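Enquirer: Below is the structure, and that's it, no one-letter string:
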Ligand code: NAD
């Protein structure tokens, strides 16, 4: 652990690491409480971090507002050039940052590195966008009139992130916010501050080398107090929040009550549907990856599996065999390249896993594989380990727990008779993030994609519910919050839009044939 931390210039002993940055002259500071970053695989305390108090957040927001006021007039392609340099610097440290994500969050190394790769990819996208963003020109009904939409920088963007993607989700937001001319203030999850501090240090080095204000990429580590300060402060023009539905509901109402804007990425309860004509070995691999990757702690993890009755028993036996080939032999240290399943993030996550399995059994679910907390040996004995679990559900109306998102590797499996029934099952939950359909039937695929199909924000045909690329907009419908980040038109949310009419005649033309003579 200490070699990973020191490779990223994070102190490994002594005073708590400061988790607040907004001003090169003031340096790294923080006057809030001290929080701990803990390795979920071992229970080892990695570091202590001094967080931001409410007063610190206020200072940061004032500094970020000042930084925005200069940055907004810098031409967008020049902003893109600064981001390109950050991209190069981040990519040079990708191996170390990937290890830090694994160490602090608990996801396996290829996923930790992949997450930082996603940040780098998003910066590539945003650098390109910095030369093309703009509004459309609209034909006017009046002669010698010109109508266009203008995208100006918005102001200060607050970004509150969840523990499970400590790098990539900030990357989506920061990259777009930066090239559209805003200052960004990041509050990471209280359990993953080190990834945020290391990433911010890399960004700050590039900003300093370009004589740019550090408050363009400010950091306020902390928990509810720092988060609440960002949510309620009018100085935050856009609040991008990633986290649980319960917290997201509260956040969105508080932001709306001050007429601020929020961008929400909340919980998922993602389903995979397997039709009888599917490539079953492919479906098996895709479902196993999506259910077990990040130990079931992705917002896009597959949590519900609906199998056509004609292939259900065959698929279930292949799936249980796949689980048994992974657990326990491929469970372990996330930094070991052979590991496929790492720990849960916290002790509380283990309790929620146990409670969900108990409730599922009480409601009539049958545990086919797993279901237990695991006692690991040696260094891993202090970690948060549970068995990947499959629960067979005969009656979906009885097992109500499967309609909730439990952030753990629990997969509920059930059978259906018709595609319409499977679509209805997919849509029967509050959340609407990601879903998968496995079939070779183009008609079935179009039915799922079409107007009477799946209500999910992300639809995959013959591909996993998790593992989206950055080019398409990422986000979910319904209680997932309707947010869209990363690709597509997501950049538009970080702009202040004006519809501008320019009359270049000497007549006052009125629209809709109105006269005022
Ligand atoms: P969480 O809701 O517990 O915490 C999210 C963030 O909110 C943290 O940074 C936390 O410190 C902060 N927070 C806590 N109290 C606050 C307050 N009063 N005001 C403002 N902020 C406050 O979520 P979590 O356990 O970190 O993350 C898991 C959840 O995130 C899951 O539900 C998962 O599906 C969701 N998630 C969604 C996406 C997506 O893109 N849809 C991506 C990742 C995670």
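Expert: Nice, thanks for sending it over. Keep in mind the model is a prediction, meaning the values are calculated, not measured.

Enquirer: which ones are touching residue 71?
Expert: Residue 71 makes contacts with 79, 153, 181-183, 212-213, 216, as judged by CB atoms under 8 Å, 6 or more residues apart in numbering. From N, CA and C alone the C-beta is placed, and that goes for glycine too.

Enquirer: Residue 515 versus the closest residue to residue 474 other than its chain neighbours, what's the distance?
Expert: Distances taken as CB to CB, 6 or more residues apart in numbering place residue 486 nearest to residue 474, at 4.3 Å, with adjacent residues excluded. Using CB to CB, to the nearest Å, one obtains 49 Å as the distance from residue 486 to residue 515.

Enquirer: again with residue 31
Expert: Distance, residue 31 to residue 515, using CB to CB: 64 Å.

Enquirer: Neighbour count: these two, which is higher?
Expert: With neighbours defined as other CB atoms under 10 Å, residue 31 and residue 515 compare such that residue 31 has more, 14 against 5.

Enquirer: The more buried one and the ligand, how far apart?
Expert: The gap separating residue 31 from the ligand is 18 Å, by CB to the nearest ligand atom, to the nearest Å.

Enquirer: mind checking the backbone torsions on the nearest residue to residue 86 once chain neighbours are set aside?
Expert: Once its chain neighbours are removed from consideration, residue 86 has its nearest residue in residue 206; the separation is 4.7 Å (CB to CB, 6+ apart). Listed backbone geometry of residue 206 is phi -70, psi -40, with angles given as degrees, to the nearest 10.

Enquirer: how about the residues of the stretch 251-400 of the chain near the ligand?
Expert: Selection of the stretch 251-400 of the chain residues close to the ligand by CB under 6 Å from any ligand atom yields 251, 265-268, 299.

Enquirer: Kindly reformat the residues you listed as CSV and extend each row with pLDDT.
Expert: Compiled in CSV, those are given as follows (pLDDT from 0 to 100):
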residue, pLDDT
251, 98
265, 98
266, 98
267, 98
268, 98
299, 98
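
Enquirer: Show me which residues of the stretch 401-517 of the chain sit near the ligand.
Expert: 405, 407, 433, 476, 480.

Enquirer: how about 8 Å then?
Expert: Counting by CB under 8 Å from any ligand atom, the stretch 401-517 of the chain comes close to the ligand at 405, 407, 433, 474-476, 480-481, 483, 485.

Enquirer: Which of those residues fall within strands?
Expert: Restricting those to those inside strands, with DSSP state E as the criterion, leaves 474, 485.

Enquirer: Identify the farthest-apart pair in the residues of the stretch 401-517 of the chain next to the ligand.
Expert: 407 and 485 (19.7 Å; CB to CB).

Enquirer: So which other helices or strands are in contact with the one helix or strand residue 174 maps to?
Expert: In the assignment (DSSP states H and E), residue 174 maps to helix 168-179. On a contact count with 3 or more CB pairs under 8 Å, 6 or more residues apart in numbering; DSSP states H and E, helix 168-179 meets helix 76-92, helix 109-129, strand 156-160, strand 183-187, helix 193-209, strand 238-242, strand 485-486.

Enquirer: Rebuild these as TSV, extending it with mean pLDDT and mean neighbour count.
Expert: Conversion of the helices and strands packed on helix 168-179 to TSV gives the following (pLDDT from 0 to 100; neighbours: other CB atoms under 10 Å):
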stretch	mean pLDDT	mean neighbour count
helix 76-92	98	18
helix 109-129	98	22
strand 156-160	99	28
strand 183-187	99	29
helix 193-209	98	22
strand 238-242	98	26
strand 485-486	98	26
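
Enquirer: Redo those as CSV? Include distance to residue 67.
Expert: Rendered in CSV, the data for those read as follows (distance: least, CB to CB, whole Å):
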stretch, distance to residue 67
helix 76-92, 12
helix 109-129, 18
strand 156-160, 9
strand 183-187, 5
helix 193-209, 10
strand 238-242, 16
strand 485-486, 22
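
Enquirer: Any idea which of these gets closest to residue 26?
Expert: When these are ranked by proximity to residue 26 (CB to CB), helix 193-209 comes first, at 12.2 Å.

Enquirer: First-to-last residue distance for stretch 202-219?
Expert: Between the start and the finish of stretch 202-219 there is a gap of 12 Å, counting by CA to CA, to the nearest Å.

Enquirer: roughly how far is it from the heart of the chain?
Expert: Relative to the mean C-alpha coordinate of its chain, stretch 202-219 is positioned 23 Å out (CA atoms, centre = their mean, to the nearest Å).

Enquirer: which helices and strands does the worst-scoring helix or strand of the chain on mean pLDDT pack with?
Expert: The helix or strand of the chain with the lowest confidence, counting by mean pLDDT, DSSP states H and E, is helix 2-7 at a mean of 93. With contacts defined as 3+ CB pairs under 8 Å, 6+ apart, the secondary structure elements packing on helix 2-7 are helix 94-105.
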